[in-house]
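Chemist: could you look at this predicted model? Sequence included:
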Amino acid sequence: MTKIGILPCGGACNVGMLTIKATIAMVKENEAVKYVCPLGLPLGIQSIIAQARQSEKFIALNGCEMECASKALQAVSITPEKAILLTAEYGLKKNKNFDDETKLSEIISDIRGEVDLIMAK
């Protein structure tokens, strides 16, 4: 079974929290999906990098145009199979309401579809 690492951006805003919530939902739902620590990679923490590299494919879950999840993966020379950008793909605007779960169900459903596509390759 292909292991898929999902790296949420985890930014301090609604879309950052959505990336975390969606990642957690996928980890709970599918044993092939692993949560990749968004801070450990760019900080060069070797144990976290090693754990991340146990996954074979990656999804970068970016909340906004800063694309921190993609950049964190790039910091350790990992190219994601898929990069998702919540603000652009779902028409979301950043705000400081951490409880805002607008489009969370749709985001999880779409990630589920991406995981299925990656697994089918």
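Modeler: That came through fine.
Chemist: okay, Leu104: pLDDT?
Modeler: At Leu104, the pLDDT value in this model is 98.
Chemist: same check, this time on Val36
Modeler: Reported pLDDT at Val36 in the predicted model: 98.
Chemist: could you do the one 3 residues further on as well?
Modeler: In this model, Leu39 is scored at 95, pLDDT.
Chemist: was I right about it contacting Cys9?
Modeler: No - with contacts counted by C-beta atoms under 8 Å, Leu39 stays clear of Cys9, the gap being 10.3 Å. Every residue, glycine included, has its C-beta placed from N, CA and C.
Chemist: all helices for the chain, in order.
Modeler: 14-29, 46-52, 68-74, 86-90, 104-120 (DSSP state H).
Chemist: return the distance of the fourth one from the chain's centre.
Modeler: Per C-alpha atoms, centre = their mean, to the nearest Å, the displacement of helix 86-90 from the mean C-alpha position of its chain is 13 Å.
Chemist: same deal with the first one?
Modeler: Relative to the mean C-alpha coordinate of its chain, helix 14-29 is positioned 8 Å out (C-alpha atoms, centre = their mean).
Chemist: which residues touch that helix?
Modeler: 6-11, 33-35, 61-64, 69, 86-87, 92, 94-104, 107-108, 111-112, 115 (C-beta atoms under 8 Å, 6 or more residues apart in numbering).
Chemist: just to revisit the earlier point, list residues touching both of Leu39 and Cys9?
Modeler: Counting by C-beta under 8 Å, 6+ apart, the contacts common to Leu39 and Cys9 are Ala72.
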